[in-house]
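[1] quick one, structure for this:
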Amino acid sequence: MNTVIERLQEYGSITEKAYAAISQIVAHKQYKKGDFILREDKVCQHIGFIEKGMTRNFYYKDGKDITTTFAYEEDPCLSMYSFISQKPSLESIEALEDCVIWSISYQQLQDLYQRFPSLNLIGRLLTEEYYIMLEDHTRALKHLSSKERYVQLMEDYPDIIQRVPLTHIASYLGMTKENLSRIRRI
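    Below you'll find the predicted structure:
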């Protein structure tokens, strides 16, 4: 959990009282590779932070799964839309590796925000960072060539090829696995 707190402190200071309150309610969960952390049509009741492992968010379209997000160590793990709106998720979250995730429920987070207003700033900054990541990905899908998207991904996440099946990477980049293989040979 200390790694998660250190990550959160990059956005603002956490008082000892806030740290103690978080420590009392945070839940430590382990998932095996292939486990679903969230299934589509279920409400995302928890925000998690990955201590170890990797996840992916995805949805189904025309019988294919489309990867929308990867999350690594220290990243938040959630369906942002579902968590904020408390409506059923349009996507699922799958563990790509064995994972250790520290999580807090939606209601617990709202209580922390009420009790410790300084945590609101951290929450807002994390939400903004998540939004920017999604906006960058959407922009890349619309404005960059397949090769440019692949090169950008390799620059941002050089170890992704060792950690993620090519099928999921191709889906994330908006291309077929064959097209990805062709780009990788160049």
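[2] and the spatially closest residue to K87 that is not a sequence neighbour, what does it touch?
    Nearest non-adjacent residue to K87, counting by Cβ to Cβ, 6 or more residues apart in numbering: V43, 6.6 Å away. Glycine gets a C-beta too; all of them are placed from N, C-alpha and C. In this structure, V43 makes contact with 82, 86-89, judged by Cβ atoms under 8 Å, 6 or more residues apart in numbering.
[3] quick check: beta-bridge partners of V43?
    Beta-bridge pairing of V43 under DSSP bridges involves P88.
[4] give the ChimeraX command for selecting the buried subset of the contacts of V43.
    Here is the ChimeraX command that selects only those of these that count as buried (16 or more other Cβ atoms under 10 Å):
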select :82,89
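[5] who does the longest helix seen in the chain touch, helix- and strand-wise?
    When the chain is scanned for its longest helix (criterion: DSSP state H), the result is helix 118-143. Using 3 or more Cβ pairs under 8 Å, 6 or more residues apart in numbering; DSSP states H and E as the contact criterion, the neighbours of helix 118-143 among helices and strands are strand 64-71, helix 80-85, helix 106-115, helix 146-156.
[6] so which bits of that helix are buried?
    For helix 118-143, burial by neighbour count (16+ other Cβ under 10 Å) applies to 119, 122-123, 126, 130, 137, 140.
[7] again, but for stretch 27-46
    Across stretch 27-46, burial judged by 16+ other Cβ under 10 Å covers 31, 37-38, 40, 44-46.
[8] closest one of the residues you listed to S23?
    Taking Cβ to Cβ as the measure, H46 is the one of those closest to S23, at 16.4 Å.
[9] from what I can see the closest one touches S105, true?
    Yes. Between H46 and S105 a contact is recorded at 5.3 Å, counting by Cβ atoms under 8 Å.
[10] what's near enough to touch the closest residue to T55 other than its chain neighbours?
    With Cβ to Cβ, 6+ apart as the measure, A71 is the residue that lies nearest to T55, at 4.8 Å, once sequence neighbours are left out. Contacts of A71 were listed using Cβ under 8 Å, 6+ apart, and they are 50, 54-57, 77.
[11] among the buried residues of stretch 27-46, which pair sits farthest apart?
    Every pair in the buried residues of stretch 27-46 was compared (Cβ to Cβ); the two farthest apart turn out to be Y31 and E40, at 17.0 Å.
[12] and stretch 28-39, what's its mean pLDDT?
    Per-residue pLDDT values over stretch 28-39 give a mean of 98.
[13] related to what we said a few turns ago, restricted to strands, list the contacts of A71.
    Cross-referencing the contacts of A71 against strands under DSSP state E gives 50, 55-57, 77.
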